[in-house]
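A.B. asks: no FASTA, just this:
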């Protein structure tokens, strides 16, 4: 009897780890660096900096996941970021155009770049690796030419708000009241949504998790939201860019999980020929995924430029590797068809915590690069192991 109970308990633990492995790894990583840095990592100021420093990577990770779901990669995102940042600097700083005009214009330029690359990949059937490698060289060269090898600095304050602004506070206490109210509202909304989803499943006679498991998960989620909210409310509240990322993550999660477009992306990446025979317009899907990647690369480029308050020729150099690492470490498959937006975001946060923690500990940039390379390899090894195990 005891052996049976132990096996059941072990099976439950295994299922929990398989389902929430990335979140568990993120928590363990946080705790390790919190200990090694003597509590510096989770100080409110550092947590805020952690979000600001990695915001452009998280935006890229969302777009990169869509590309990876198709079984492709995009190596050009860092160069596209730099090129769009250069254009935004010329228009806003040198030409003194309004950010309200330049930001949409830059997003359109990003979409055009994505359409250019998507055309060659989807319709001419040139491998994405080759097309985006060419894009990496092309747009890095155009950035150098546009900026003439120098930086352009001092964006308008309204543009800098994109990366360094915070939500306004409605109170004057020590804690940021607006952020606290938003955190509580989000917690209540999630609780209501989870209860509603559970009731619908029960009404349709579908299997639901046990009450103990459901309420435990509910308590952990609410405690996490309130805890995160409290930390941010101690230092200026939620950054604007964090709200932007949450909106993007929620929107793309809805698209990938609840829409026909999302199902077509997964189907195309899972088995291209079968999807095509089933009536999925695979070329169109591939084309628009790369257009989307171009738009998000442009947004990430502007976020980085706003944080640096300058457009530089080397902006985004090698950032495509961080985005790919986030996606693969977040559980996406190298062969396509597997991965989630939440996984990509969590993977990006793990990379960010590692970078931030190592910087606090004084680890050199050379060793940081080596460690990131090992992490990317580890993510792919885990993916291959899981595929063989399932096979």
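C.D. replies: Thanks, I have the structure now. Quick caveat, the model's predicted, so the values are computed rather than measured.

A.B. asks: From now on I want contacts and neighbour counts done on CA atoms only, so please keep to that.
C.D. replies: Fine.

A.B. asks: what about the residue nearest the centre of the chain, helix or strand, and which?
C.D. replies: Closest to where the C-alpha atoms of the chain average out (Cα atoms, centre = their mean) is residue 58, at 3.0 Å. Assigned by DSSP states H and E, residue 58 falls within helix 44-69.

A.B. asks: Could you check how many residues crowd around residue 99?
C.D. replies: Residue 99 has 19 neighbours, counted by other Cα atoms under 10 Å.

A.B. asks: same thing with residue 226?
C.D. replies: 17.

A.B. asks: buried set for the helix or strand encompassing it?
C.D. replies: Assigned by DSSP H and E, residue 226 belongs to helix 211-233. Buried positions in helix 211-233, judged by neighbour count with 16 or more other Cα atoms under 10 Å: 218, 222, 226, 228, 229, 230, 231, 232, 233.

A.B. asks: by contact count, what packs against it?
C.D. replies: helix 44-69, helix 177-203 (3 or more Cα pairs under 8 Å, 6 or more residues apart in numbering; DSSP states H and E).

A.B. asks: the inter-axis angle of the very next helix or strand once past that helix versus helix 44-69?
C.D. replies: Next helix or strand after helix 211-233 toward the C-terminus (DSSP H and E): helix 240-258. Per axes from the mean of the first three to the mean of the last three Cα atoms, to 10 degrees, the angle that helix 240-258 makes with helix 44-69 is 30 degrees.

A.B. asks: returning to what we had before: which parts of the helix holding residue 58 are buried?
C.D. replies: The neighbour-count check on helix 44-69 (16+ other Cα under 10 Å) flags 44, 46-48, 50-69 as buried.

A.B. asks: orientation of it relative to helix 211-233 in degrees?
C.D. replies: Here the directions of helix 44-69 and helix 211-233 differ by 120 degrees (the same axes, to 10 degrees).

A.B. asks: Does anything pack onto helix 44-69? Which helices or strands?
C.D. replies: Counting by 3+ Cα pairs under 8 Å, 6+ apart, helix 44-69 packs on helix 211-233, helix 240-258, helix 260-270, helix 282-308, helix 319-329, helix 341-360.

A.B. asks: Report the mean confidence score over that helix.
C.D. replies: Averaging pLDDT along helix 44-69 gives 93.

A.B. asks: Give me the distance from that helix to the chain's centre.
C.D. replies: With Cα atoms, centre = their mean, to the nearest Å as the basis, helix 44-69 stands 5 Å off its chain's centre.

A.B. asks: Over to stretch 239-256?
C.D. replies: The chain centre lies 9 Å from the centre of stretch 239-256; the measure is Cα atoms, centre = their mean.

A.B. asks: mean confidence for that stretch?
C.D. replies: For stretch 239-256, the mean per-residue pLDDT is 94.

A.B. asks: in that stretch, what counts as buried?
C.D. replies: Applying a neighbour-count criterion of 16+ other Cα under 10 Å, one finds 239, 240, 241, 242, 245, 248, 249, 252, 253, 256 buried in stretch 239-256.
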